[in-house]
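Q: sequence plus predicted model, see below.
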Amino acid sequence: MSSIITLTLPGEIMFVRFASQTAASLARLLTDENPPASDGAQFVHDFELAVSEAFTNSVKYTGEHDALQMLTLTFEFQPRQLTVSVRDANPPFSIDRPAPDIEKGQIGGWGLMLISKVMDSVTYRRDGGSNILSMSKAI
Amino acid sequence: MNITETSNGGVAVVALEGRLDMLSAPEFRNNRSIIDPEKTVVLDLEKLDFLDTSGLGAIVGASRQKQNLACGIVLSCMNDKVRRVFEITKVQTLFHIFDDTAAAIDFATNRQSAST
């Protein structure tokens, strides 16, 4: 059985921390209930980092296209896994673009790469006019 | 985020505490030693609890502003959380990194002296 929590926040810079620290709190609750085999603090930090990156990306593009957009975070709790989805109404994007190569002087664009490294699975889908980026991590 | 700044000869030691993210990146960028293209900085990251790629971009951008110096920004005392972000993105290859601030100051001072 899974539980779902949905949070709707303005797509503004000042809410990035609210989003990421809420994610950290929820991840901490889950790991308190289901202690992970590996490092629980690392699990919490990875989750916080992934949400910070995803929410920041949504805010950056919200600023370019729609100053009044609301962003929706959906947290889905399963006994051994936590999933968060970030939904925005920005233009579509791809999660398959190549990672920036710092040896070739490519600076920036690290957000999605970092998310893919710290989470177990990352999926993207376009639903009507919305982007939905889902990120899961097993305990 | 708290920023504590001390001077050590010609090197500024800037210690960050708290979170460096999209919200606090402007405060970091506008710090007087960070923004000064002629100032060599040792950036002490021991008490930085959280760094995301917005914060990372601010550090890299500050370093690029100092690229005319022999030694622009040297990093010290990275904790595991911060080190992980640097390593995943491979940004650690752009910096000299030391485990303690005294060694970072010595390195920066010596590089400064050698270039004058």
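A: Everything's here; your move. Predicted model, so just to flag it, every value in this text is computed and none were measured. Numbering: from 1, shown residues only, chains lettered A, B, ... in the order given.
Q: since we're on residue 115, how many residues are nearby?
A: Using chain A. Using other CB atoms under 10 Å in any protein chain shown, A:I115 has 22 other residues around it. For glycine as for every other residue, the C-beta is placed from the backbone atoms N, C-alpha and C.
Q: that was the other one, I meant chain B.
A: 10.
Q: how about the strands in chain B?
A: Applying DSSP state E to chain B gives strands spanning B:2-8, B:11-20, B:40-51, B:73-76, B:96-98.
Q: tell me what the last one is packed against?
A: When contacts are defined as 3 or more CB pairs under 8 Å, 6 or more residues apart in numbering or on different chains; DSSP states H and E, strand B:96-98 sits against strand B:73-76, helix B:101-115.
Q: out of these, which gets the lowest mean score?
A: Note on the helices and strands packed on strand B:96-98: lowest mean pLDDT is at helix B:101-115, with a mean of 90.
Q: returning to what we had before: turn the strands of chain B into CSV, including mean neighbour count.
A: Formatted as CSV, the strands of chain B follow (neighbours: other CB atoms under 10 Å in any protein chain shown):
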stretch, mean neighbour count
strand B:2-8, 13
strand B:11-20, 20
strand B:40-51, 22
strand B:73-76, 24
strand B:96-98, 18
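Q: center of chain B - which residue?
A: Centrality entry for chain B: nearest residue to the mean C-alpha point is B:L43, 3.1 Å, by CA atoms, centre = their mean.
Q: for chain A, which of the helices and strands packed on strand B:96-98 is the nearest?
A: Chain A lies closest to strand B:73-76 among those, at 14.3 Å (CB to the nearest CB).
Q: sheet partners, orientation included, of the closest one?
A: Within its sheet, strand B:73-76 is paired with strand B:40-51 (parallel), strand B:96-98 (parallel), according to DSSP bridges.
Q: please compute how far it lies from its chain's middle.
A: Centre-to-centre, strand B:73-76 and its host chain are 4 Å apart (CA atoms, centre = their mean, to the nearest Å).
Q: what does it rub up against?
A: Identification of contacts with strand B:73-76 by CB atoms under 8 Å, 6 or more residues apart in numbering or on different chains yields B:40-46, B:59, B:62-63, B:66, B:95-101, B:103-104, B:107-108.
Q: could I have that strand exported to CSV, CA atoms only?
A: Taking Å, rounded to 0.1, in the frame of the first residue of the first chain, the C-alpha atoms of strand B:73-76 are listed here in CSV:
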residue,chain,number,x,y,z
ILE,B,73,39.8,30.4,-5.5
VAL,B,74,41.2,27.5,-3.4
LEU,B,75,38.8,25.2,-1.6
SER,B,76,39.3,23.8,1.9
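Q: now the longest helix along chain A: buried residues?
A: Scanning chain A for the helix with the most residues, using DSSP state H, yields helix A:40-65. Neighbour counts over helix A:40-65 (16 or more other CB atoms under 10 Å in any protein chain shown) mark A:40, A:43-59, A:61-62 as buried.
Q: same check, this time on stretch B:49-59
A: For stretch B:49-59, burial by neighbour count (16+ other CB under 10 Å) applies to B:50-59.
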